[in-house]
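S.K.: Next one to model:
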Amino acid sequence: MFHYQDLSGNEVTIYFQKQSGEQDDVLILPVFEDSWLFTKHSVRGIEFPGGKGEKGESNIETAKRELYEETGGVADEWTFVADYCVKSAGRSFTKRVFKTNVLRIDLRADYLETEGPLLFKGELLSEIQKEAFSFFMRDEGMQQIVRAAFFIDSTRQNGR
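M.R.: Numbering: from 1, shown residues only. Model prediction:
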(Lines give C-alpha, C1' and ligand atoms only; values in the text may rest on other atoms or scores of the structure.)
Protein backbone atom coordinates (compact mmCIF):
# COMPACT_ATOMS: atom_id res chain seq x y z
CA MET A 1 0.00 0.00 0.00
CA PHE A 2 1.17 3.54 -0.77
CA HIS A 3 -0.54 6.63 0.65
CA TYR A 4 0.14 10.24 -0.36
CA GLN A 5 -1.38 13.61 -1.23
CA ASP A 6 -1.55 14.27 -4.97
CA LEU A 7 -0.72 17.52 -6.81
CA SER A 8 -4.33 18.69 -6.40
CA GLY A 9 -4.30 18.10 -2.63
CA ASN A 10 -6.41 14.94 -2.74
CA GLU A 11 -5.75 11.99 -0.43
CA VAL A 12 -4.72 8.96 -2.50
CA THR A 13 -4.18 5.35 -1.44
CA ILE A 14 -2.73 2.84 -3.90
CA TYR A 15 -3.25 -0.85 -3.22
CA PHE A 16 -1.02 -3.37 -4.97
CA GLN A 17 -3.44 -6.18 -4.13
CA LYS A 18 -6.79 -6.26 -5.87
CA GLN A 19 -9.58 -4.77 -3.76
CA SER A 20 -13.03 -6.34 -3.78
CA GLY A 21 -15.55 -5.57 -6.49
CA GLU A 22 -15.34 -3.52 -9.66
CA GLN A 23 -13.75 -0.08 -9.48
CA ASP A 24 -15.27 3.16 -10.88
CA ASP A 25 -12.58 3.83 -13.50
CA VAL A 26 -9.68 2.10 -15.24
CA LEU A 27 -6.17 3.05 -16.31
CA ILE A 28 -4.28 1.00 -18.88
CA LEU A 29 -0.50 0.66 -19.24
CA PRO A 30 -0.34 -0.75 -22.77
CA VAL A 31 2.73 -2.02 -24.60
CA PHE A 32 2.73 -2.46 -28.38
CA GLU A 33 5.64 -4.48 -29.71
CA ASP A 34 8.55 -2.87 -27.81
CA SER A 35 6.98 0.54 -27.16
CA TRP A 36 4.66 2.05 -24.56
CA LEU A 37 1.33 3.13 -26.05
CA PHE A 38 0.02 6.52 -24.96
CA THR A 39 -2.62 8.93 -26.16
CA LYS A 40 -2.72 12.72 -26.09
CA HIS A 41 -5.72 14.13 -24.27
CA SER A 42 -6.89 17.38 -25.85
CA VAL A 43 -6.63 19.27 -22.54
CA ARG A 44 -4.31 17.36 -20.18
CA GLY A 45 -1.56 16.24 -22.58
CA ILE A 46 0.10 12.85 -23.08
CA GLU A 47 -1.12 10.06 -20.82
CA PHE A 48 -1.99 6.41 -20.65
CA PRO A 49 -5.51 5.58 -21.90
CA GLY A 50 -8.32 5.00 -19.45
CA GLY A 51 -11.61 6.30 -18.22
CA LYS A 52 -14.90 5.78 -16.46
CA GLY A 53 -16.83 2.55 -16.55
CA GLU A 54 -20.32 2.51 -18.02
CA LYS A 55 -23.29 1.00 -16.21
CA GLY A 56 -23.04 -2.79 -16.14
CA GLU A 57 -19.46 -2.93 -17.51
CA SER A 58 -16.77 -4.95 -15.79
CA ASN A 59 -13.38 -3.31 -15.34
CA ILE A 60 -11.97 -5.51 -18.13
CA GLU A 61 -14.79 -4.48 -20.49
CA THR A 62 -14.15 -0.82 -19.62
CA ALA A 63 -10.42 -1.27 -20.23
CA LYS A 64 -10.99 -2.88 -23.64
CA ARG A 65 -13.41 -0.13 -24.66
CA GLU A 66 -11.26 2.76 -23.44
CA LEU A 67 -8.08 1.36 -25.02
CA TYR A 68 -9.85 1.01 -28.36
CA GLU A 69 -11.68 4.36 -28.22
CA GLU A 70 -8.58 6.37 -27.32
CA THR A 71 -5.84 4.55 -29.27
CA GLY A 72 -7.38 1.95 -31.60
CA GLY A 73 -5.52 -0.66 -29.55
CA VAL A 74 -6.82 -4.21 -29.22
CA ALA A 75 -5.63 -6.53 -26.44
CA ASP A 76 -6.90 -9.78 -24.98
CA GLU A 77 -4.84 -10.35 -21.81
CA TRP A 78 -5.05 -7.99 -18.83
CA THR A 79 -2.71 -8.04 -15.84
CA PHE A 80 -3.78 -6.36 -12.61
CA VAL A 81 -1.24 -3.76 -11.39
CA ALA A 82 -3.00 -1.71 -8.71
CA ASP A 83 -6.22 -0.24 -7.36
CA TYR A 84 -6.23 3.30 -6.16
CA CYS A 85 -8.67 5.38 -4.21
CA VAL A 86 -8.84 9.16 -4.53
CA LYS A 87 -10.66 11.16 -1.85
CA SER A 88 -11.54 14.58 -3.22
CA ALA A 89 -13.97 17.35 -2.42
CA GLY A 90 -15.10 17.26 -6.07
CA ARG A 91 -15.25 13.57 -6.98
CA SER A 92 -13.97 10.66 -4.92
CA PHE A 93 -13.38 7.54 -6.99
CA THR A 94 -11.56 4.24 -7.31
CA LYS A 95 -9.53 3.16 -10.30
CA ARG A 96 -8.22 -0.26 -11.36
CA VAL A 97 -4.91 -0.26 -13.22
CA PHE A 98 -4.05 -2.92 -15.80
CA LYS A 99 -1.00 -3.63 -17.93
CA THR A 100 -1.55 -5.24 -21.32
CA ASN A 101 0.27 -6.21 -24.48
CA VAL A 102 -1.52 -4.75 -27.48
CA LEU A 103 -2.05 -7.16 -30.38
CA ARG A 104 -2.78 -4.51 -33.00
CA ILE A 105 -3.66 -0.85 -33.42
CA ASP A 106 -6.61 -0.10 -35.71
CA LEU A 107 -6.82 3.24 -37.49
CA ARG A 108 -9.93 5.11 -36.31
CA ALA A 109 -11.68 8.17 -37.73
CA ASP A 110 -12.35 9.52 -34.23
CA TYR A 111 -10.45 9.00 -30.97
CA LEU A 112 -13.03 10.96 -28.93
CA GLU A 113 -11.34 13.42 -26.56
CA THR A 114 -7.84 12.27 -27.54
CA GLU A 115 -5.58 12.63 -30.55
CA GLY A 116 -5.07 8.89 -30.94
CA PRO A 117 -2.10 6.58 -30.40
CA LEU A 118 1.44 7.70 -29.55
CA LEU A 119 4.25 5.17 -29.21
CA PHE A 120 7.28 5.73 -26.98
CA LYS A 121 10.50 3.78 -26.49
CA GLY A 122 12.86 4.72 -23.75
CA GLU A 123 13.23 5.27 -20.04
CA LEU A 124 9.63 5.67 -18.96
CA LEU A 125 10.01 6.92 -15.37
CA SER A 126 11.97 10.02 -16.40
CA GLU A 127 10.08 10.62 -19.66
CA ILE A 128 6.68 10.94 -17.98
CA GLN A 129 8.03 13.81 -15.86
CA LYS A 130 8.28 16.06 -18.94
CA GLU A 131 5.91 19.01 -19.39
CA ALA A 132 4.16 17.46 -22.43
CA PHE A 133 2.77 14.71 -20.20
CA SER A 134 -0.46 15.09 -18.22
CA PHE A 135 -0.12 16.17 -14.60
CA PHE A 136 -1.57 12.72 -13.77
CA MET A 137 1.50 11.13 -15.34
CA ARG A 138 3.89 13.31 -13.30
CA ASP A 139 2.13 12.36 -10.06
CA GLU A 140 4.06 10.53 -7.33
CA GLY A 141 1.56 7.69 -7.46
CA MET A 142 2.17 7.08 -11.17
CA GLN A 143 5.84 6.48 -10.40
CA GLN A 144 4.76 3.77 -7.92
CA ILE A 145 2.34 2.24 -10.43
CA VAL A 146 4.95 2.12 -13.21
CA ARG A 147 7.46 0.52 -10.84
CA ALA A 148 4.85 -2.10 -9.90
CA ALA A 149 4.26 -2.85 -13.61
CA PHE A 150 8.04 -3.25 -14.14
CA PHE A 151 8.19 -5.57 -11.11
CA ILE A 152 5.38 -7.73 -12.51
CA ASP A 153 7.25 -8.00 -15.83
CA SER A 154 10.56 -8.87 -14.17
CA THR A 155 9.02 -11.61 -12.01
CA ARG A 156 7.36 -13.14 -15.07
CA GLN A 157 10.62 -13.09 -17.03
CA ASN A 158 12.43 -14.73 -14.14
CA GLY A 159 9.77 -17.46 -13.89
CA ARG A 160 8.48 -16.52 -10.45
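S.K.: How about the backbone phi and psi for the nearest residue to Glu61 once chain neighbours are set aside?
M.R.: Leaving aside its sequence neighbours, Glu61 sits nearest to Gly53 (C-beta to C-beta, 6 or more residues apart in numbering; 7.9 Å). Where you see a C-beta, it was placed from the backbone N, CA and C, and this is true even at glycine. When quoted as degrees, to the nearest 10, the phi and psi of Gly53 stand at phi -80, psi 150.
S.K.: Show the pLDDT at Gly53.
M.R.: As predicted, Gly53 sits at a pLDDT of 95.
S.K.: quick one, what contacts it?
M.R.: Taking C-beta atoms under 8 Å, 6 or more residues apart in numbering, we find Gly53 in contact with 22-26, 59, 61-62.
S.K.: got it, and Asp76?
M.R.: The neighbours of Asp76, taking C-beta under 8 Å, 6+ apart as the test, are Leu103.
S.K.: Could you grab the helix/strand/coil label for it?
M.R.: Judged by DSSP: H, G, I helix; E, B strand; the rest coil, the three-state class of Asp76 is coil.
S.K.: Tell me the spacing between it and Ile60.
M.R.: Using C-beta to C-beta, to the nearest Å, Asp76 is found at 10 Å from Ile60.
S.K.: Could I get the full set of helices for the protein?
M.R.: According to DSSP state H, the chain carries its helices in the segments 59-71, 124-127, 140-157.
S.K.: Of those, flag the one that's most buried.
M.R.: Of all these, helix 59-71 has the most neighbours on average by mean count of other C-beta atoms under 10 Å, namely a mean of 22.
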